[in-house]
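In: Give me the fold of what follows.
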Amino acid sequence: MEVLVELQHRLASTMAARGDWPADSPWVRQAVEDLPRHRFAPDRVWFWDGSGYVPADLTTDPGRWAELVYPGPDEPTITQVTDGLATSSLSCQSIVVDMLDSLMAEPGHRVLELGTGAGWNAALLAARAGAGSVTSVEVDAQLAAMARERLDAVGAGVVVKAGDGIRGCPEGAPYDRLIATYAVDEVPWSWVEQTRPGGRIVTPWGRLGHVALTVAADGRSASGWTQGLATFMPSRGTDQGRSRHEVRGDGPPEAEGPFPRSLLPLRADSGLLFALRATLPDVRITTEADEGITAWLHDGRSSWATLVAAPDERAVAYQGGPRRLADEVDQAWQRWQSAGAPGLYDFGMTRTPYEQYIWSGDKETGPRWETAFR
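Out: Residues are numbered from 1 along each chain as shown. Prediction:
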């Protein structure tokens, strides 16, 4: 389809205009050009119509299908929907490119990918590391089989295995590079054990951003910096809890009072959002701006808060449940400010056999945020 080539070029040009193509990894753009996304897209993809996911098929609506396969740089292509939830996708092209750049893969590196999906990212990795150098693990056996067919069709030489990515792939260890395409709240220690000292691990963390960790010379820890801010699908089987509307219910708030801060940073400050995610890992924050700003907080179980600020007026907090989430956010916000209000790229992560924590500035002496769940 000629339209696919046009859309591929449009997406590439948009990314170039935004400066998305990494100067330090020119191989990435060439690989994306040689292995375009549409070669890995299934014949049915999905889009959200405001109330649920709706299919678009290549055979019956090729134009719509093509537009969904080549959306904007920051939009994914949903390739699987299970029980009404998106469970697999061709990731946003800008994020795929950024994570490949962060991985710093070199020719001949042994690479383990976790979360094969459609197989596109594995093909891009093989274009860099070489045929026979990439192993990819996919928890969904059907997805693994389809990805294997696509990868074989382009001669990628990727070994695709069906299995739980949390375990990694110990029979092929140690790896020079390990990359996950889904979000984890705790980086599995097995990933560190299976990556050689000096090797690199790139993974989405907490459905909010991705980190790049380097395994220490003694293999007993891995540390590194935050690389970007984006939303990722969680690992398959993760309990996503109750929705905001289910937690909130229809009853009146149990508490009402002023919230002492402007709500604008909850929409605009990535450093604050990352710090809140580290401090309150189970609290989900969404915002909306119209004439004023509204922020919704909930813990996926039983506690919620709504923060409302009209233009030129102080914010008001309405809360319910056993926790007072607005108060918790205020306290975590104050802690971030007391630490110097570090920006997104001032944060790093360390994983040891016993703990995982976020730090800013310096991993030994900087402020530290534990990431344990309640």
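In: alpha carbons only for contacts and neighbour counts from here, please
Out: Fine.
In: For stretch 144-153, list every residue counted as buried.
Out: For stretch 144-153, a neighbour-count test (16 or more other CA atoms under 10 Å) marks Ala144, Met146, Ala147, Arg148, Arg150, Leu151 as buried.
In: quick check, the fifth one in a strand?
Out: No. Under DSSP: H, G, I helix; E, B strand; the rest coil, Arg150 falls outside any strand and is assigned helix.
In: For the chain, give the helix that spans the most residues.
Out: Determined from DSSP state H, the single longest helix within the chain is helix 2-18.
In: Who are the packing partners of that one?
Out: If you count contacts as 3 or more CA pairs under 8 Å, 6 or more residues apart in numbering; DSSP states H and E, helix 2-18 packs onto helix 62-69.
In: what's the angle between the helix it packs on and helix 2-18?
Out: When axes from the mean of the first three to the mean of the last three CA atoms, to 10 degrees is applied, the directions of helix 62-69 and helix 2-18 differ by 30 degrees.
In: tell me the average confidence for helix 62-69?
Out: For helix 62-69, the mean pLDDT works out to 96.
In: what does the helix or strand following it contact?
Out: Sequence order places strand 77-82 as the next helix or strand after helix 62-69, per DSSP states H and E. Identification of contacts with strand 77-82 by CA atoms under 8 Å, 6 or more residues apart in numbering yields 41-42, 44-47, 53, 68-71, 86-92, 118.
In: got the CA positions of strand 77-82 in CSV?
Out: In CSV, the C-alpha atoms belonging to strand 77-82 read as follows (Å, rounded to 0.1, in the frame of the first residue of the first chain):
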residue,chain,number,x,y,z
THR,A,77,-1.0,1.0,18.1
ILE,A,78,-3.2,-1.3,20.1
THR,A,79,-2.8,-4.8,18.8
GLN,A,80,-4.6,-6.9,21.4
VAL,A,81,-7.6,-6.3,23.6
THR,A,82,-8.6,-8.8,26.3
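In: what's the average pLDDT for it?
Out: Strand 77-82 comes out at a mean pLDDT of 94.
In: Same check on stretch 325-342?
Out: Here the average pLDDT along stretch 325-342 is 96.
In: can you give me the helices for this protein?
Out: Taking DSSP H as the test, the helices found in the chain are 2-18, 26-34, 62-69, 93-103, 120-129, 141-153, 189-193, 244-248, 265-268, 270-279, 325-338.
In: which one of those helices lies closest to Val202?
Out: Minimum separation from Val202 across those (CA to CA) falls at helix 93-103, 5.9 Å.
In: packing partners for that closest one?
Out: helix 26-34, strand 175-180, strand 195-205, strand 209-215.
In: Switch the ones you listed over to CSV; also include mean neighbour count, mean pLDDT and distance to Trp304.
Out: What follows is the helices and strands packed on helix 93-103, written out as CSV (neighbours: other CA atoms under 10 Å; pLDDT from 0 to 100; distance: least, CA to CA, whole Å):
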stretch, mean neighbour count, mean pLDDT, distance to Trp304
helix 26-34, 16, 98, 43
strand 175-180, 25, 98, 31
strand 195-205, 24, 96, 23
strand 209-215, 24, 94, 24
